[in-house]
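J.: model this:
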Amino acid sequence: MAIGRQTDNGFVVLKSSEAVLEERPSTQKYQYAANLRFTLRNDGILKVERNRLVFLADHEFSSPSAAAAVIHGGQANGLTAWKDSKGVSLKQKEEKDIQ
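T.: Prediction:
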């Protein structure tokens with residue numbers, strides 16, 4: 001499970017959040033998520049624990065989609081992937097704010 005929140009600069013994933021260990025096949029073609037996961041592991045932000053990657057510190061990403069791609073191990077739409085405790089996605093919240 002991963003917990004995060006939007007910020008003025010993007011999206012922050014909180015310490016102790018978990019990401020899948022295995023990357024999706026799409027990372028062969030779209031390497032952004034794989035490269036970012038590699039960098040975060042080298043920087044000591046992500047660590048392998050119990051068949052998962054665990055955030056050892058809060059980390060701010062440039063967008064909800066960048067954060068979701070790291071969590072899911074491949075391309076992801078952060079506006080639909082990130083949901084609050086009631087299951088409402090960021091996209092649904094944005095649409096509600098527009099109305």
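
J.: quick one, strands of the protein?
T.: For the chain, applying DSSP state E gives strands covering 4-6, 11-13, 18-20, 46-49, 52-55, 59-61.

J.: report how many residues lie close to Arg50.
T.: The local packing of Arg50 (other CB atoms under 10 Å) involves 7 other residues. C-beta here means a position set from N, CA and C on the backbone, and glycine is covered the same way.

J.: if I look at it, how far off is Arg41?
T.: Remark: distance between Arg50 and Arg41 (CB to CB, to the nearest Å) = 16 Å.

J.: likewise Lys83?
T.: Taken as CB to CB, the span from Lys83 to Arg41 is 26 Å.

J.: and the helices in this structure?
T.: Here the chain has its helices, by DSSP state H, at 32-42, 64-72, 78-81, 90-98.

J.: any idea which of the ones you listed is most buried?
T.: Of the helices of the chain, the one with the most neighbours on average (mean count of other CB atoms under 10 Å) is helix 64-72, at a mean of 24.
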